[in-house]
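Novice: build me a model from this:
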Amino acid sequence: MPAYPPTRVGATLPFMRAHPSSFNAGKYSMSITSTDICNAADALQGFVGFNRKLGKYIVRFSEDSFGMDVPDDSITPACEFVWVAKSGQVMTLSRECLQILLEQNINDRLNLGDALLIYLRRTDLPEISAERLRL
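Specialist: Residues are numbered from 1 along each chain as shown. Below is the predicted model of the structure:
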């Protein structure tokens, strides 16, 4: 696997999606920047907690609705859950964590839109790293 330099937020990356009117023409338009992807990650809704009994992460839309099998210290806003600390204030937008959210099959409620879905599919590109502060 080739080594990539860290991705600079705001850089235009080759994240592309098909414009609805161009499916038949085979053309692509509307590039998605790493800033678009980061903004989409920050707009995620809901909370993620680790259910000890089931042994997996679950999503709820209220911190109070997790129940006894989810420790309070594992409950994180979805918009923070997808960012993994790398070094110092540099964090990486984790495709693995986004995949956990995708597997919940509630994309609309989570606000998991096109920019993040395309980012998940483009595994040929490095994960986005950004300097950010945890909320």
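Novice: all helices of this structure, in order?
Specialist: Using DSSP state H, the helices assigned to the chain run over residues 34-42, 78-81, 95-102, 107-110, 114-121.
Novice: same list (these) but as a markdown table, adding mean neighbour count and distance to Ser62.
Specialist: Heads up, the C-betas are built off the backbone N, CA and C, glycines and all. As requested, those are arranged in a markdown table below (neighbours: other Cβ atoms under 10 Å; distance: least, Cβ to Cβ, whole Å):
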| stretch | mean neighbour count | distance to Ser62 |
| --- | --- | --- |
| helix 34-42 | 20 | 20 |
| helix 78-81 | 21 | 13 |
| helix 95-102 | 17 | 17 |
| helix 107-110 | 14 | 12 |
| helix 114-121 | 18 | 22 |
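Novice: and those helices: which comes nearest Phe61?
Specialist: Comparison of the helices of the chain against Phe61 by Cβ to Cβ identifies helix 107-110 as nearest, at 6.8 Å.
Novice: now the closest one, how far from the chain's geometric center?
Specialist: In terms of Cα atoms, centre = their mean, to the nearest Å, the gap separating the centre of helix 107-110 from the centre of its chain is 12 Å.
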